[in-house]
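> need a structure here:
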Amino acid sequence: MLSISLFFVFNAQAQSINRTKFGKGIQVVAEDSSFSFKFGIRFQTLYQGVHTKGTKGWDDRFLIRRARLKFDGYAFTPRLVYKIELGLSNSDIGAGGGGDISQTNNADNIILDAVAKYQLTPTLSLWVGQTKLPGNRERVISSQKLQFVDRSLLNSRINLDRDAGFQLRNEHQVGTVLLREMASISMGEGRDITVNNAGGYDYTGRIEILPLGEFQGDGDYVGGDIAREETPKLALAASYDFNDNASRSRGQLGSFLSEQRDLSTWFVDAMFKYKGFSAMGEYADRKVPNGTPVISYQLDGTVDETFVTGKALNLQAGYLLASNWEMAGRYTTFDPTAVTGIGEQEQYTAGLSKYIVDHSLKVQSDVTLIKEQGRNDRVQFRMQMEIAL
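Predicted coordinates:
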């Protein structure tokens with residue numbers, strides 16, 4: 001796949017206009033402006049070690065957390081743009097013990113994004129294909145542009161992931177206030193499932209309000225204040241998702257279960273930035289509207305199969321120094337529905353990052369105290385390097 005992509009790119013360069021810079025990929029525009037094509041690569045190398053209180057051991061690993069190929073541009077007209085993103089690492093694909101392998105027989109996990117976006121009017125666009133749903137802010141922020149080594153506990157327990165379907169997105173200005181409305185209908189089972197739909201569809205709506213105007217460089221979806229906003233910027237948003245007869249334990253993610261349940265999820269989130277300081281908060285609430293999330297119990301009464309439901313809160317803030325070092329802190333809590341048998345958890349994280357070329361070349365580290373019901377406290381240390389060309 002990589003060799004074919006590189007052949008196409010460099011062969012096209014001889015006949016087209018090429019504009020590029022570090023972190024922006026190889027960009028090609030046809031001489032007649034009938035299409036554009038951009039190719040980029042990125043990967044993350046991660047070291048992770050965990051110490052459990054009461055033990056002498058240090059469990060660690062070194063892995064390629066993510067490895068991606070990215071393609072985007074426009075076709076025929078600048079009003080029709082496309083994006084394709086492929087994941088090559090075991091964690092991306094869902095194999096190797098670090099990811100979810102339950103769907104590998106029914107899905108092509110290499111494909112992360114394959115979406116076309118058509119600008120219907122100056123403010124309204126239609127998206128068709130597979131991409132992230134308009135859910136919680138932290139999930140929509142690219143894994144390349146996170147403030148910490150990885151997303152929070154809230155996101156790992158309750159989020160809306162990639163799904164196949166269509167979305168309508170509208171953006172308009174009212175005075176100095178920027179408003180965005182988004183709606184989607186998707187299959188509800190996650191990335192590129194190749195069997196027939198097992199339940200109902202997934203319906204998502206999201207509203208965003210930016211009362212102080214637009215962030216620089218789409219900074220409301222970038223971790224840390226890399227742009228160093230000269231005036232205060234604030235984004236407020238709420239999302240609601242209804243997954244009709246969900247088949248997987250976490251909606252678009254998790255194990256396929258033997259029965260189905262309706263899942264109802266609320267998200268409320270906010271992002272603030274000003275002169276290097278940034279703060280973000282999210283609250284999530286997922287429930288089964290009628291009945292119990294538990295599917296079955298073992299003979300001893302422990303839960304055998306269950307949907308993951310409950311409430312979660314994530315708060316984080318950081319300050320970017322003039323030297324491009326950033327210090328940040330994060331607090332996350334997950335309060336699962338009691339009947340599921342999942343333990344409550346709290347995490348306290350301190351992060352330190354060095355941005356060499358914004359989020360395209362950086363080194364990040366964090367230390368997390370993990371307090372989980374029914375388990376000894378753990379301390380986790382992570383260090384990660386990101387390279388995006």
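> can you tell me the average pLDDT over the longest strand seen in the chain?
Longest strand in the chain by number of residues, with DSSP state E as the criterion: strand 253-274. Average pLDDT, strand 253-274: 95.
> Paired strands for it, with orientation please.
With DSSP bridges as the test, strand 253-274 is paired with strand 233-250 (antiparallel), strand 277-287 (antiparallel).
> Tell me which stretches of the protein form helices.
With helices called from DSSP state H, the chain shows them at 2-13, 90-93, 137-140, 153-157.
> Can you tell me the centre-most residue of this structure?
Central residue of the chain (C-alpha atoms, centre = their mean): Arg139, 3.0 Å from the mean position.
> circling back: I'd like the strands paired with strand 253-274 laid out as TSV, including mean neighbour count, distance to Gln316 and mean pLDDT.
Glycine gets a C-beta too; all of them are placed from N, C-alpha and C. Below are the strands paired with strand 253-274 laid out as TSV (neighbours: other C-beta atoms under 10 Å; distance: least, C-beta to C-beta, whole Å; pLDDT from 0 to 100):
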stretch	mean neighbour count	distance to Gln316	mean pLDDT
strand 233-250	21	15	96
strand 277-287	21	5	98
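> Among those, which comes closest to Glu386?
With C-beta to C-beta as the criterion, Glu386 lies closest to strand 277-287 of these, at 17.9 Å.
> could I get the closest one in CSV with only the CA atoms?
C-alpha atoms of strand 277-287 as CSV (Å, rounded to 0.1, in the frame of the first residue of the first chain):
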residue,chain,number,x,y,z
PHE,A,277,-3.5,28.7,28.8
SER,A,278,-6.0,26.1,27.9
ALA,A,279,-8.8,24.3,29.8
MET,A,280,-11.2,21.6,28.7
GLY,A,281,-14.1,19.9,30.5
GLU,A,282,-16.4,17.1,29.5
TYR,A,283,-19.3,15.3,31.2
ALA,A,284,-20.8,12.0,29.8
ASP,A,285,-23.9,10.1,30.8
ARG,A,286,-24.8,6.8,29.1
LYS,A,287,-27.8,4.6,30.1
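> Report the contact partners of Arg79.
Taking C-beta atoms under 8 Å, 6 or more residues apart in numbering, we find Arg79 in contact with 118-119.
> how near is it to Thr368?
According to C-beta to C-beta, to the nearest Å, Arg79 stands 44 Å off from Thr368.
> Same question for Lys117.
36 Å.
> Also Ser360?
Taking C-beta to C-beta as the measure, Ser360 falls 25 Å from Thr368.
> what pLDDT does Glu214 get?
According to the prediction, Glu214 has pLDDT 95.
> Could you report the neighbour count for Asp225?
Around Asp225 there are 25 other residues, counting by other C-beta atoms under 10 Å.
> List the contacts of it.
Residues in contact with Asp225 (C-beta under 8 Å, 6+ apart) are 219, 273-278, 318, 320.
> Give me the buried entries from those.
Among the contacts of Asp225, those classed as buried by 16 or more other C-beta atoms under 10 Å are 219, 273-274, 276-278, 318, 320.
> from these, which is closest to Gly329?
Distance to Gly329 across the buried ones among the contacts of Asp225 (C-beta to C-beta) is lowest for Gly318, with 7.2 Å.
> Contacts only, for the residue nearest to the closest one when sequence neighbours are not counted.
Leaving aside its chain neighbours, Gly318 sits nearest to Ala328 (3.0 Å; criterion: C-beta to C-beta, 6 or more residues apart in numbering). Residues counted as contacts of Ala328 (C-beta under 8 Å, 6+ apart) are 147-148, 224, 316-319, 350-353.
> Which of those residues has the largest number of neighbours?
Among the contacts of Ala328, Gly224 has the most neighbours (other C-beta under 10 Å), with 29 neighbours.
> Quick check, it in contact with Phe277.
No - using C-beta atoms under 8 Å, Gly224 is not in contact with Phe277; the gap is 9.5 Å.
> Give me the common contacts of these two.
Shared contacts of Gly224 and Phe277 (C-beta under 8 Å, 6+ apart): 318, 320.
> on that earlier part again, relative to Glu282, how far out is the residue nearest to the centre of the chain?
To Glu282, Arg139 is 9 Å away according to C-beta to C-beta.
> One more: Ala322?
Distance of Ala322 to Glu282, computed by C-beta to C-beta: 29 Å.
> got it, and Asp202?
Distance of Asp202 to Glu282, given as C-beta to C-beta: 20 Å.
> out of the strands paired with strand 253-274, nearest to Gln260?
Ranking the strands paired with strand 253-274 by proximity to Gln260 (C-beta to C-beta) places strand 233-250 first, at 4.2 Å.
> Who are the contact partners of the closest residue in space to Asp113 that isn't next to it in sequence?
Closest residue to Asp113 apart from its sequence neighbours, by C-beta to C-beta, 6+ apart: Glu85 at 4.0 Å. By C-beta under 8 Å, 6+ apart, the contact set of Glu85 is 68-71, 112-114.
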